[in-house]
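[1] Predicted coordinates and the sequence they were generated for:
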Amino acid sequence: MLDVSRELIRFVAGLLRAERKACGTRTGTRALTCWVQALFVIVWFRDKPNITRHGAAFGISQSTAYRYLHEGIDVLAARAPGLHQALHDAPAGGLSHLELDGKIFATDRCRIKTPSVKGEMIDAWYSGKTNDFGGNVQALCDPSGFPIFTSDVEPGHIHDLEAARVHVLPAVYPHTGELPVLADSGYQGAGHGVIVPFAPPTGGNIPTLDNRCRDRLQRFLRCRGERGFALLTERWTALKHTTLSPSRIGDLVRAAHVLTLFEHRR
């Protein structure tokens with residue numbers, strides 16, 4: 001049994017129907033109806049079955065299964081809220097602050113090489129943070145930990161702060177006077193308006209009482225933000241490890257975000 005509502009399937013089917021109409025697809029020329037294709041896509045997101053067997057269960061070939069899956073990912077990802085839209089809507093929702101977090105989404109090994117800061121050739125998609133291959137995606141969450149924006153993907157070797165500087169921080173800085181951003185210690189040096197824990201003292205010194213108190217308060221406010229990515233990955237298990245091209249991870253996360261927004265009536 002598929003534990004999603006018929007309304008969600010109807011929503012995705014409507015997006016696919018609009019896409020087919022925009023492309024001029026003629027009636028009766030597709031192997032699956034919009035409703036069945038929506039079911040096919042949601043089942044894959046929910047349980048990530050083997051794509052070949054999953055396609056066979058719906059009476060389509062492996063190549064058609066991949067094409068229909070990518071169509072579903074594209075129409076969903078296109079509905080994801082953009083960063084500027086999310087920042088514009090946040091004050092109207094009465095939010096006191098935002099929370100910035102990053103996650104490495106596991107993927108199969110990619111042999112793409114890139115020079116490191118030391119000039120050595122390294123695997124571009126290998127992350128020292130997880131000691132595995134994956135792509136780095138940044139997210140902004142509201143104080144309850146619900147994601148309001150997810151970014152494009154960067155190769156796994158990219159640090160959280162570097163990825164945030166590309167995809168999030170330039171648009172966030174003008175809003176930090178009204179909406180401060182909380183982040184973990186991986187964002188040390190992010191700049192004005194991004195509140196991170198104090199760097200540990202060097203030379204074995206003990207942090208001051210004021211610094212310890214501030215860090216505890218910051219962790220208390222930020223802890224809920226840690227569940228942002230968990231809401232996506234635990235519900236849509238296809239995100240836990242992808243065998244699609246790593247460059248598609250950003251679209252996958254955005255598509256799952258749209259499904260989550262619909263289920264939570266947001």
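    Thanks, I have the structure now. Residues are numbered from 1 along each chain as shown.

[2] Name the nearest residue to Val41, sequence neighbours excluded.
    Gly72 (3.2 Å; CB to CB, 6 or more residues apart in numbering). The way it works is simple: take the backbone N, C-alpha and C, and place the C-beta from them, glycine included.

[3] which element is the one you found on?
    If you go by DSSP states H and E, Gly72 is part of helix 62-77.

[4] What are the buried residues along that helix?
    65, 68-69, 71-77 (16 or more other CB atoms under 10 Å).

[5] Can you give the domain ranges for this protein?
    6-78, 83-244 (the TED database).

[6] gap between the residue nearest to Val41 and Ala80?
    Using CB to CB, to the nearest Å, one gets 14 Å for the distance from Gly72 to Ala80.

[7] overlap in contacts of those two?
    Residues touching both Gly72 and Ala80 (CB atoms under 8 Å, 6 or more residues apart in numbering): Ala255.

[8] ok, back up a step: which residues does the helix holding Gly72 contact?
    So helix 62-77 is contacted by 12, 15-16, 18-19, 31-32, 37-38, 40-41, 44, 51-52, 54-55, 58, 60, 248, 250-252, 254-255, 258-259 (CB under 8 Å, 6+ apart).

[9] Contacts only, for Leu231.
    If you count contacts by CB under 8 Å, 6+ apart, then Leu231 has 145-147, 260 around it.

[10] Quick check: which ranges of the chain have low pLDDT?
    Along the chain, segments meeting pLDDT under 70 span 203-204.

[11] So which residues of it form strands?
    Counting by DSSP state E, the chain has strands at residues 98-107, 113-115, 121-123, 126-127, 132-141, 147-155, 181-182, 194-195, 241-242.

[12] Could you pull out the buried residues of the second one?
    The neighbour-count check on strand 113-115 (16+ other CB under 10 Å) flags nothing as buried.

[13] Could you spell out the sheet neighbours of that strand, each with its direction?
    Its sheet considered, strand 113-115 pairs with strand 121-123 (antiparallel) by DSSP bridges.

[14] ok, residues contacting the partner strand?
    109-116, 133, 157.

[15] Buried ones only from the residues you listed, please, as a PyMOL command.
    To isolate the buried members of the contacts of strand 121-123 in PyMOL, using 16+ other CB under 10 Å:
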select buried, resi 110+133+157
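
[16] Any chance of CSV for the contacts of strand 121-123, columns distance to Thr233?
    Formatted as CSV, those follow (distance: CB to CB, whole Å):
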residue, distance to Thr233
Arg109, 20
Cys110, 20
Arg111, 26
Ile112, 24
Lys113, 28
Thr114, 26
Pro115, 31
Ser116, 28
Phe133, 17
His157, 21
